[in-house]
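Peer 1: fold the following for me, if possible:
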Amino acid sequence: MEEANEAKVSMLLLGFCNLSKTEQDLFVEGLNRFLFVSPGKRRQLIERLKKASHAENAKRELRASGEARL
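Peer 2: Sure thing, here's the model as predicted:
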C-alpha cells in the first residue's frame, strides 16, 4: 500500500476506534450495505453522503462564526 494511502487508512481506523460500540455497529452495518449494493445504488449513496457532509460542515461553520462574535 502506498504510504499516503496507508496513513489515510490508519487515521480512519483510529477514528473507528474512538466510536462507541453502538456507533461502531452502525458504521459496520452501513459499510456492509455500501459494499454489497449495485454500482448505481452506490453512486446514489455517495451523492447522499456528500450532501449530508456539506450540510454538516455548513452548520459547523455557522456555529463557529456565531461563537466568534460572542
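Peer 1: which residues of this structure score low on pLDDT?
Peer 2: Along the chain, segments meeting pLDDT under 70 span 1, 67-70.
Peer 1: any idea which helix is longest in it?
Peer 2: Using DSSP state H to define each element, the chain has its longest helix at helix 39-69.
Peer 1: buried stuff in that one?
Peer 2: Within helix 39-69, no residue counts as buried by 16 or more other C-beta atoms under 10 Å. All C-beta spots, glycine's among them, are computed from the backbone N, C-alpha and C.
Peer 1: what's the domain layout of the chain?
Peer 2: Partitioning the chain according to automatic domain parsing yields domains covering residues 1-36, 38-70.
Peer 1: name the element residue 32 belongs to?
Peer 2: Per DSSP states H and E, residue 32 falls inside helix 21-36.
Peer 1: ok, residues contacting that helix?
Peer 2: 16, 19, 42, 45 (C-beta atoms under 8 Å, 6 or more residues apart in numbering).
Peer 1: number of nearby residues for the first one?
Peer 2: For residue 16, the neighbour count with other C-beta atoms under 10 Å is 13.
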